[in-house]
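Colleague: this one's structure only:
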C-alpha cells in the first residue's frame, strides 16, 4: 500500500492512517495522502474503490451516514477535522463540496448564491458577493438579467456552475468535486473543466472522476485507488499526473490506465 508522498509545499490537507467503515464493512484501509495546495488532485480507480467515500471524509460529509465510522486523521492547517472540539459545519464552510448531479436549491439564481452567506451571518454587500461568485463560476454574463428566475430554469451545465458559485460564496480554501461532469454533455463538461483550471490558482481542488482523459487533461496530481481481496479501497500510487499516466511506478496503476484491469 502507498505511503504519504512528499510534495514541495505544505499540504492543504493531510490524510493519516485513515480507515472508513460502513457498519462492519471496511470501505477504506490505511489511507495516507497529502493534497497539494492550489492545485487540482484527481482521484481515479475502479468503481467501488472508495474514491467518493475518501472525498467525503475530508469535510466530514460521512458524518451524515448513520453507519459510517472513521479512524485516523484528516489534518487541515495542522488540526484534525475529526477532533471532538471541531465544528463540522465550520469545516464544510472551509472545505466546500460540489456533487455528482447539480443540486440547486428551490430558490432564485440570486438566492442560491446568497443562501450560505446569509446563514453564516454575512454583513457585507450581498449583491456584490453574488456577482463576484457568479463571475468566478463563468456564469454572470448568462444570468445577470434574470437573477430572480428559478435556478431550475438553467441548463444542467449552468446549474452545476451555479452550484460551484454557491460553494465559492462561502469563501472555502478547498473545493471537493465528486464527478461534477458525469451528468453533463461534452460542451458543458468542457466548460466545467475550463472553470476548474481557472479556479486552481486560488483554490485547492480535489476531483473524483471515472474519466481518465479528464484526469489527464485538468489535474496536476493524480491518486490511483483500487480494492483488496476484502473489497476495501486503498491508495496504490500518488504523484504528478504526467508521471502517473506516462511512467507509473506500480504495476496495478499501469494495468488500470492501459485498460488491463478495472
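Modeller: All right, it came through fine. What you see is a predicted model, and the numbers here were worked out from it, not measured in a lab. Numbers count the residues shown, from 1 in each chain.
Colleague: for the stretch 101-250 of the chain, just list every one of the strands.
Modeller: 174-178, 204-208, 221-227, 233-240 (DSSP state E, counting those that start in this stretch).
Colleague: low-confidence stretches in the stretch 151-262 of the chain?
Modeller: Scanning the stretch 151-262 of the chain for pLDDT under 70 picks out the ranges 261-262.
Colleague: would CSV of the strands of the stretch 101-250 of the chain with distance to residue 94 be doable?
Modeller: Every C-beta, even on glycine, is put in place using the N, C-alpha and C of the backbone. Shown next, in CSV, are the strands of the stretch 101-250 of the chain (distance: least, Cβ to Cβ, whole Å):
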stretch, distance to residue 94
strand 174-178, 7
strand 204-208, 11
strand 221-227, 21
strand 233-240, 23
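Colleague: for the residue lying closest to residue 250 once chain neighbours are set aside, which residues make a bridge with it?
Modeller: Excluding its sequence neighbours, the residue lying closest to residue 250 (Cβ to Cβ, 6 or more residues apart in numbering) is residue 237, at 4.7 Å. Beta bridges link residue 237 to residue 224 when assigned by DSSP bridges.
Colleague: residue 237 contacts residue 225, correct?
Modeller: No: when contacts are counted by Cβ atoms under 8 Å, residue 237 is not listed as touching residue 225 (9.1 Å).
Colleague: so for these two, which residue has more residues nearby?
Modeller: residue 225 (27 against 20; other Cβ atoms under 10 Å).
Colleague: excluding chain neighbours, what is closest to the more buried one?
Modeller: Residue 225 sits nearest to residue 45 (Cβ to Cβ, 6+ apart), 3.8 Å away.
Colleague: and for residue 191?
Modeller: Per Cβ to Cβ, 6+ apart, closest to residue 191 is residue 157, 5.7 Å.
Colleague: one more: residue 140?
Modeller: residue 134 (4.1 Å).
Colleague: what about the one you found, how many residues close to it?
Modeller: With other Cβ under 10 Å as criterion, residue 134 counts 27.
Colleague: who's in contact with it?
Modeller: Neighbour list for residue 134: 109, 113, 140, 143, 144, 162, 165 [criterion: Cβ atoms under 8 Å, 6 or more residues apart in numbering].
Colleague: could you measure from it over to residue 9?
Modeller: Relative to residue 9, residue 134 is positioned 30 Å away (Cβ to Cβ, to the nearest Å).
Colleague: same question for residue 186.
Modeller: 34 Å.
Colleague: is the nearest residue to residue 221 once chain neighbours are set aside in a bridge, and if so with what?
Modeller: Closest residue in space to residue 221, ignoring its immediate chain neighbours: residue 41 at 4.4 Å, by Cβ to Cβ, 6+ apart. As for beta bridges, residue 41 partners with residue 206, residue 221 under DSSP bridges.
Colleague: next up, the contacts around residue 41.
Modeller: 35, 204, 205, 206, 207, 219, 220, 221, 222, 223.
Colleague: got the contact list for residue 143?
Modeller: 109, 134, 149, 154, 158, 162 are the contacts of residue 143 under Cβ under 8 Å, 6+ apart.
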